[in-house]
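Colleague: Pasted the sequence and its predicted model underneath.
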Amino acid sequence: MNPSDAEKMMEQARVMQERIAEIQKALNARRFEAASGGGMVRATVTGALRVVSIEIEDAFFKTGDREMIQDLAAAAVNAALVKAQEGAQAEFLRMQQQLATGSGF
């Protein structure tokens, strides 16, 4: 490998690291929402997989079914986390495609 090839590889690695950092920053700022119980329970998470909020309709509390509320809250959070993970995978796949085609870097 000649020095210019090594320099090109190092530059590509540096650019890729910068792009990964940009994607992570953008994902951290994104919000992903999901609902359960016909929309009675909603959860919002960030791309960093942190729970931002859980909203439960007031009418649902009147049922008094604590276990169901807990189960639906967990389901909404899990669904929102799946959406966040899928969003991250899509971004990194796009970056890989750009790398493979040589565009965007």
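Modeller: Received, thanks.

Colleague: quick one: the strands in this protein?
Modeller: Assigned by DSSP state E, the strands in the chain fall at 31-36, 41-46, 51-56.

Colleague: nearest to residue 20, of these?
Modeller: Of all the strands of the chain, strand 41-46 sits nearest to residue 20, with 17.2 Å by Cβ to Cβ. Heads up, the C-betas are built off the backbone N, CA and C, glycines and all.

Colleague: Please work out the average pLDDT along the closest one.
Modeller: Mean pLDDT, computed over strand 41-46, is 96.

Colleague: packing partners for that strand?
Modeller: Here strand 41-46 touches helix 3-29, strand 31-36, strand 51-56, helix 66-101, going by 3 or more Cβ pairs under 8 Å, 6 or more residues apart in numbering; DSSP states H and E.

Colleague: Now the longest one: buried residues?
Modeller: Neighbour counts over helix 66-101 (16 or more other Cβ atoms under 10 Å) mark 69, 72-73, 75-77, 79-81, 83-84, 88, 91, 95 as buried.

Colleague: Reformat these as TSV; add pLDDT and distance to residue 29.
Modeller: Below are these laid out as TSV (pLDDT from 0 to 100; distance: Cβ to Cβ, whole Å):
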residue	pLDDT	distance to residue 29
69	92	30
72	95	27
73	96	24
75	97	25
76	97	21
77	97	19
79	97	20
80	97	16
81	96	17
83	96	15
84	94	12
88	88	13
91	85	12
95	80	17
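
Colleague: Residue 92 contacts residue 24, doesn't it?
Modeller: No - Residue 92 lies out of contact with residue 24 (Cβ atoms under 8 Å); the separation is 9.6 Å.

Colleague: so the closest residue to residue 77 other than its chain neighbours bridges to which residues?
Modeller: Counting by Cβ to Cβ, 6 or more residues apart in numbering, residue 43 is the residue found nearest to residue 77 once chain neighbours are left out, at 4.3 Å. Note on residue 43: beta-bridge partners residue 34, residue 54, judged by DSSP bridges.

Colleague: what's the distance between residue 43 and residue 11?
Modeller: Noted for residue 43: a distance of 42 Å to residue 11, by Cβ to Cβ, to the nearest Å.
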